[in-house]
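> Sequence below, structure please.
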Amino acid sequence: MIKQLLNFEKVRILLFLLYLSVCFQSLGQTKYFISESASNDFELSEFTLNTQSLYKINKKVTLFNLIRKEDTLIGEERKLNGQLDYNIILFSVLPNLSGKEDWEKIDIDTIQSSIITFDNLEKLHTKNTLSYFNNVVKETTKYFNNYKIIVKKGNDYYAPKFCLLQFYSVINRPSAFTNVYGTINTEDSRYSIVEFEKVFKETYPQLDFPLYRIGEDPFSFMDWIRDRREYFSKKLILNKNINCYQFWTYIDWTKHSFQFDFERGIDRFVYLPGKGIIGGSFDFYFYFHRKKLSIEYKDFLQNIKEEKVMIADSYK
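Residues are numbered from 1 along each chain as shown. Predicted coordinates:
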């Protein structure tokens, strides 16, 4: 019995060392996008969220939405499809829960070879949604600390210590059409998490509901190629009678407790047409740091069931 425990502990240590090596390797490959890039190709919007109400710690999350709006052309004659579709490139700057500073000063001259353009990000968007060349959907579509946004303050430049990059396509059309992973569709059928849980349990009575598998063994019951998607949950009316739309992501928990399960991304989010993502939750990140928080396992579960989110300060 003791020998088995020792062998198990050795495996855990080896996995942890492997995880650290991947982290250090990714840090060496970090690419940077300068938010002040001189370009008319996109619109940039920035929103600040306070984490106190959701995670019981007074920190901030900053969302940077990069949007290029354009009419979608379809068919051989390149006709307009009659609606304005666009992509959202979302940088989420997450708080440093092990220190005081969320940003660090950076010397632009030392990272010139690692700076990318908006065109590079758009190509990455295409790569991480549906591939039209080989008809394959990527298993991992988000990037944690591999890509960072840089902001300029005065004459100095700063990069976040923790940054998540992910992508969405806004395509509004009736629910009869397919919504692939990464789609925001405000005309889709509405399902709350609790409503969908009932459907899931009726269909798979022997399985645990994927969203509730926090802290379980890193094994997924889901068919990630076909099942992952964003569900439209409800319409919100914020201050000044602003209409917004809340979504949640149907995705499992599939990482060990010592890993960031970053493919979950901003798992519940609020979308404002024309502006992008103005609110959400980052359970994967805060659950990883749960020992630093005053909320418990049951609180995370309750937040999921009630679809609680943080809203940008400017829209509260």
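> Report the separation between the most centrally placed residue in the chain and residue 189.
The centre of the chain sits closest to residue 265, judged by Cα atoms, centre = their mean, with a distance of 2.7 Å. In this view, residue 265 and residue 189 are 22 Å apart by Cβ to Cβ, to the nearest Å. Just so you know, the C-beta spots here come from the backbone N, C-alpha and C atoms, and that holds for glycine as well.
> follow-up on the earlier one: tell me the pLDDT of the residue nearest to the centre of the chain.
Residue 265 carries a pLDDT score of 96 in this model.
> residues near the closest residue to residue 212 other than its chain neighbours, how many?
Spatial nearest neighbour of residue 212, chain neighbours left out: residue 301 (6.1 Å); criterion: Cβ to Cβ, 6 or more residues apart in numbering. Residues near residue 301, counting by other Cβ atoms under 10 Å, number 14.
> just for the chain, where's the confidence low?
The chain contains residues with pLDDT under 70 at 1-28, 38-39, 69-84, 130-138.
> Mind listing what's buried along stretch 306-316?
Buried residues in stretch 306-316, counted by 16 or more other Cβ atoms under 10 Å: 307, 309, 310, 311, 312, 315.
> Now for the last one: which residues touch it?
Under the criterion of Cβ atoms under 8 Å, 6 or more residues apart in numbering, the contact list for residue 315 reads 47, 238, 239, 242, 244, 272, 278, 279.
> Ok, the fourth one next?
Residue 311 is in contact with 49, 238, 270, 278, 279, counting by Cβ under 8 Å, 6+ apart.
> hmm, try it at 10 Å
Counting by Cβ atoms under 10 Å, 6 or more residues apart in numbering, residue 311 makes contact with 47, 49-50, 53-54, 236, 238-239, 244, 270, 278-280.
> Quick check: of those residues, which lies closest to residue 66?
Using Cβ to Cβ, residue 47 comes nearest to residue 66 of the contacts of residue 311, at 12.8 Å.
> Quick one: end-to-end distance for stretch 281-297.
16 Å (Cα to Cα, to the nearest Å).
> Please disregard the earlier target; I meant stretch 105-122.
26 Å.
> Would you state the strands of the stretch 51-200 of the chain in chain order?
Using DSSP state E, counting those that start in this stretch, the strands of the stretch 51-200 of the chain run over 60-74, 79-93, 103-106, 115-116, 143-144, 147-153, 156-160, 163-170, 183-184.
> Let me have these in JSON lines, adding distance to residue 193 and mean neighbour count as columns.
Shown next, in JSON lines, are the strands of the stretch 51-200 of the chain (distance: least, Cβ to Cβ, whole Å; neighbours: other Cβ atoms under 10 Å):
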{"stretch": "strand 60-74", "distance to residue 193": "21", "mean neighbour count": "17"}
{"stretch": "strand 79-93", "distance to residue 193": "21", "mean neighbour count": "18"}
{"stretch": "strand 103-106", "distance to residue 193": "33", "mean neighbour count": "13"}
{"stretch": "strand 115-116", "distance to residue 193": "35", "mean neighbour count": "14"}
{"stretch": "strand 143-144", "distance to residue 193": "24", "mean neighbour count": "21"}
{"stretch": "strand 147-153", "distance to residue 193": "29", "mean neighbour count": "18"}
{"stretch": "strand 156-160", "distance to residue 193": "29", "mean neighbour count": "18"}
{"stretch": "strand 163-170", "distance to residue 193": "19", "mean neighbour count": "24"}
{"stretch": "strand 183-184", "distance to residue 193": "17", "mean neighbour count": "22"}
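> Could I get those strands in a markdown table, plus columns for distance to residue 215?
Formatted as a markdown table, these follow (distance: least, Cβ to Cβ, whole Å):
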| stretch | distance to residue 215 |
| --- | --- |
| strand 60-74 | 22 |
| strand 79-93 | 23 |
| strand 103-106 | 31 |
| strand 115-116 | 36 |
| strand 143-144 | 19 |
| strand 147-153 | 28 |
| strand 156-160 | 27 |
| strand 163-170 | 21 |
| strand 183-184 | 29 |
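> Good, we can wrap up now.
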